[in-house]
Structures are given as structure tokens and as C-alpha cells.
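Colleague: sequence and computational prediction follow.
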Amino acid sequence: MKLVVGLGNPGPEYADTRHNVGFRIVEHLAERHAIALRLDRRVEGRLGEGTIRGVRAALLLPLTYMNRSGRAVAASLEERPLVEVGADLLVVYDDLDLPFGRLRIRPGGGAGGHRGLADIQARLGRSDFPRLRFGIGRPPEGLEGVEHVLAPFDPSEAEALAPRLALAADAVEAVLCEGVAVAMNRFNRDPEAPQPGSAPEVR
């Protein structure tokens, strides 16, 4: 059993904010694989289980607010003792240090200032679990980081968001079904950069 956790804040006022992109990626994955996400009060989140490309997986959206995400993750892991944290847990969240839409998969590491991830690490007492970061870009000059992450995507970003969410869902599938190393090699790159062996564009 795998456990995929998308981070965000509950409530309609946060639904379209940059900070909730983790929710949106996991919701996209749930819709793709017809996994119903239902309120589960035992884990304080929306939870669903199903099969993703032959792999049994649980999808979790904590409803504890971002800074207390670890509470829902720890409760969900208690309900699923067969989940091995270092191999079977994947956390999906936003990252303002990455350009909009860029993906970064890592097998572990620090929280990088992300309070949701930091709370999960504190609750679990470890940081050696995979994570997928989705770039939301740095705030413009004069805007604080908190204001930036809690604001909606700008119109140009919103227009480009759907295919990037789909690509992020592809990356989650790759981690679950092919492993972190394969997924890193495939998705930790600039999608706009020329690929090896490709001919340069002549202008």
C-alpha cells in the first residue's frame, strides 16, 4: 500500500490559491483513477483508496490546515501499518523557490521552509520519505511570501495550469509504479529546455 498526501488548506477561500496546488494535483490523480475522496474524521482529512496502474494506493488531503498537516498524516499511517514511510509515503506540495510549473522529486531531505512538510517531519520524527514539489515561483517585488502563496495564480498561470497539473499527476504515478530514481530522471528537468539529441531551432 502506498500513501500519497497532497498539502493545502481547507475551505473555498483557499481552493484556488498557490498554496493549495498539492490538493489539486492529488484531486486530479483521484479523478483520473476514479478514486472517491471522502471525509474521514479519524484522520482529519479527505481520504480515498484505489488502484493506480496496478499499485494499491491511498490518497489523503489533510483538513487540519497546512501547519498541522502532520497530524492527519500520522493518523493515516496508524490506520495503515503496512505502509513503509521511507518507501511508500509521497508528499506533494507547492514550492516558491521553483519557477511556475517546474517539478522536483526527491527521496528525502529538509523542509526548505515549507511549514506543512516541516510539521509532517516533526510528527513522524523522520525526513527520509519521497516528496514532489510543484513550482509556484517567487513573489514579485514588494509582496511577502505568505501573501504570495495565499493568492490565486495570475491569469497567465491559471491558463497554463491544467496541463502542468496533469504532468505532476504523471510524476506521482511514476514514483508509485516505477520508483523515485526513474521518476526523478524523467521529471526533474526543465520542460522548455531542449532534450539531448534534439536539433536546435533555426530562426
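Modeller: Perfect, thanks for sending it.
Colleague: per-residue confidence for Pro200?
Modeller: pLDDT, Pro200: 41.
Colleague: check Ala122 too.
Modeller: Value for Ala122, per-residue pLDDT: 98.
Colleague: quick one: contacts for it?
Modeller: Gly70 (CB atoms under 8 Å, 6 or more residues apart in numbering). In short, each C-beta sits where N, CA and C put it, glycine included.
Colleague: and Ala34, by the same measure?
Modeller: Gly50.
Colleague: let's see 10 Å
Modeller: Ala34 makes contacts with 48, 50-51, as judged by CB atoms under 10 Å, 6 or more residues apart in numbering.
Colleague: nearest to Thr17 among those?
Modeller: Gly48 (22.6 Å; CB to CB).
Colleague: in the sheet, who's paired with Leu3?
Modeller: Per DSSP bridges, the residues bridged to Leu3 are Ala58, Leu89.
Colleague: nearest to Leu63, of the contacts of Ala34?
Modeller: Of the contacts of Ala34, the one sitting nearest to Leu63 (CB to CB) turns out to be Gly48, at 13.6 Å.
Colleague: run the chain-centre distance for the particular helix or strand that has Asn185 in it.
Modeller: Here Asn185 sits within helix 180-187, counting by DSSP states H and E. Relative to the centre of its chain, helix 180-187 is centred 15 Å away, using CA atoms, centre = their mean, to the nearest Å.
Colleague: what comes up buried for it?
Modeller: 180, 183-184, 187 (16 or more other CB atoms under 10 Å).
Colleague: what about the helices in the protein?
Modeller: 21-32, 69-79, 85-88, 115-124, 145-149, 155-178, 180-187 (DSSP state H).
Colleague: need the CA coordinates for stretch 119-137. CSV is fine.
Modeller: Taking C-alpha atoms only, stretch 119-137 is exported to CSV below (Å, rounded to 0.1, in the frame of the first residue of the first chain):
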residue,chain,number,x,y,z
ASP,A,119,5.0,19.5,10.6
ILE,A,120,4.9,16.1,8.9
GLN,A,121,8.6,15.6,9.6
ALA,A,122,8.2,16.7,13.2
ARG,A,123,5.2,14.4,13.8
LEU,A,124,6.9,11.4,12.1
GLY,A,125,10.3,12.1,13.6
ARG,A,126,12.0,11.5,10.2
SER,A,127,12.5,13.1,6.8
ASP,A,128,13.6,10.2,4.7
PHE,A,129,10.4,9.9,2.6
PRO,A,130,9.8,11.0,-1.0
ARG,A,131,8.3,14.3,-2.0
LEU,A,132,7.1,16.0,-5.1
ARG,A,133,7.4,19.8,-5.2
PHE,A,134,5.5,21.9,-7.7
GLY,A,135,6.9,25.3,-8.5
ILE,A,136,4.8,28.4,-7.9
GLY,A,137,7.5,31.0,-8.4
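Colleague: which residues does the closest residue to Ala171 other than its chain neighbours contact?
Modeller: Excluding the flanking residues, the one nearest Ala171 by CB to CB, 6 or more residues apart in numbering is Phe187, at 4.3 Å. With contacts defined as CB under 10 Å, 6+ apart, the neighbours of Phe187 are 102-105, 132, 167-168, 170-172, 174-175.
Colleague: and Phe187, how far from Ala169?
Modeller: 11 Å (CB to CB, to the nearest Å).
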